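Colleague: predicted structure and sequence below. I'll ask about it afterward.
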Amino acid sequence: MSASKLLVEFIGTFFLVLVIGMTAFDPSLPAGLAPVAIGAVLATMIFAVGHISGAHFNPAVTLALTIRGATPRKDTGPYMLVQIGAAVAAGLIVMWASPPLSEEAAASLPLDLQIVPTMVFETLFTFALVMVILNVATAKALAGNQFFGLAIGLVVMVGAYVAGPVSGGAFNPAVTFALGTMGIADWSDVWMHFCGQISGSLLAVSVFLFTERQSAGD
């Protein structure tokens, strides 16, 4: 296991979560721009370090890529631990650095998550995210493409717009740990995220492997 891989996984996950935390409840930011910032920083970090670590920044992605065979199993645990550690570290810095929330914003936290909608939307958009990653970053037909980072950033941006009001729009167990750390989500509710994220990841890799086999047989 290369230390450089773990370092850039930490850096990428850290800045992703830092942007999520600093923009999601920033009253000075025009409404609706937080998902753009989140998608942009994700795409940027993927382009910057994807050649070093694969730029997972997400335990659900690492799980899928391990099953796919694109990530060595010996890297799976260290990647996940570094991603979660980076997310928690970024969450703590957000809590330290961000200005006090308005009374209205503070009253809306933690998120009022409903079990079925939260699990459905976290499953759907984790599936979409992982399916995009598997295709643009690991499919032989798209090997060497230059748009992979943009595609991944865009699907997260769209997911944040659509699922954000329902589930918080995490699609990432590391982000969920950060939401709990920052008080955006109640720790007693995060299991909904985890179940949806793992389900979405497993469903995406199953669909990807099925379509790959079908394509190979044509």
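Modeller: Received the coordinates, thanks. If you're wondering where the values come from, they're calculated on a predicted model, not measured in any experiment. Residues are numbered from 1 along each chain as shown.
Colleague: by mean pLDDT, flag the weakest helix or strand of the chain.
Modeller: helix 103-107 (a mean of 68; mean pLDDT, DSSP states H and E).
Colleague: which residues sit in contact with Tyr110?
Modeller: That one is not Tyr; residue 110 is Pro. By CB atoms under 8 Å, 6 or more residues apart in numbering, the contact set of Pro110 is 183-186, 189. The C-beta positions use only the backbone N, C-alpha and C, and glycine is treated the same way.
Colleague: sorry, that was for Val156
Modeller: 35, 38-39, 42, 129, 171.
Colleague: where does pLDDT dip in the chain?
Modeller: Low-confidence segments of the chain (pLDDT under 70): 1, 27, 102-105, 107, 217-218.
Colleague: tell me where it has strands.
Modeller: Counting by DSSP state E, the chain forms no strands at all.
Colleague: right, and Val19 touches Ile38 too?
Modeller: Yes - using CB atoms under 8 Å, Val19 makes contact with Ile38 at a distance of 5.7 Å.
Colleague: these two: which is more packed in?
Modeller: Just comparing Val19 and Ile38: by other CB atoms under 10 Å the higher neighbour count belongs to Ile38, 24 against 21.
Colleague: separation between the more buried one and Trp187?
Modeller: 22 Å (CB to CB, to the nearest Å).
Colleague: phi, psi for the residue nearest the centre of the chain please.
Modeller: The chain has Asn172 as the residue nearest its centroid, 3.8 Å off, counting by CA atoms, centre = their mean. Backbone torsions of Asn172, given as degrees, to the nearest 10, read phi -160, psi 110.
Colleague: circling back to that earlier point, and the contacts of Pro110 as TSV, adding neighbour count?
Modeller: Putting those into TSV (neighbours: other CB atoms under 10 Å) gives the following:
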residue	neighbour count
Gly183	15
Ile184	22
Ala185	25
Asp186	14
Asp189	20
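Colleague: and the helices in the protein?
Modeller: 3-24, 34-53, 59-68, 73-97, 103-107, 115-138, 148-167, 173-182, 190-217 (DSSP state H).
Colleague: picking that back up, what sits against the residue nearest to the centre of the chain?
Modeller: 57-61, 126, 197.
Colleague: now with 10 Å?
Modeller: Contacts for Asn172 were tallied using CB atoms under 10 Å, 6 or more residues apart in numbering; they are 13, 16-17, 20, 42, 56-61, 83, 87, 122, 126, 129, 156, 178-179, 193, 197, 201.
Colleague: just Val8 next, same as before
Modeller: 2, 45, 48-55, 57, 82.
Colleague: and if you look at Ala40?
Modeller: For Ala40, counting by CB under 10 Å, 6+ apart, the contacting residues are 19, 150, 153-154, 156-157.
Colleague: between those, which is closest to Thr118?
Modeller: Taking CB to CB as the measure, Thr118 sits nearest to Val156 out of the contacts of Ala40, at 17.4 Å.
Colleague: how about stretch 6-26: buried residues?
Modeller: 6, 8-26 (16 or more other CB atoms under 10 Å).
Colleague: buried residues of stretch 211-218, list them for me.
Modeller: Glu212.
Colleague: can you get me a residue count around the closest residue to Val136 other than its chain neighbours?
Modeller: Nearest non-adjacent residue to Val136, counting by CB to CB, 6 or more residues apart in numbering: Phe148, 4.2 Å away. Burial measure for Phe148: 21 neighbouring residues, criterion other CB under 10 Å.
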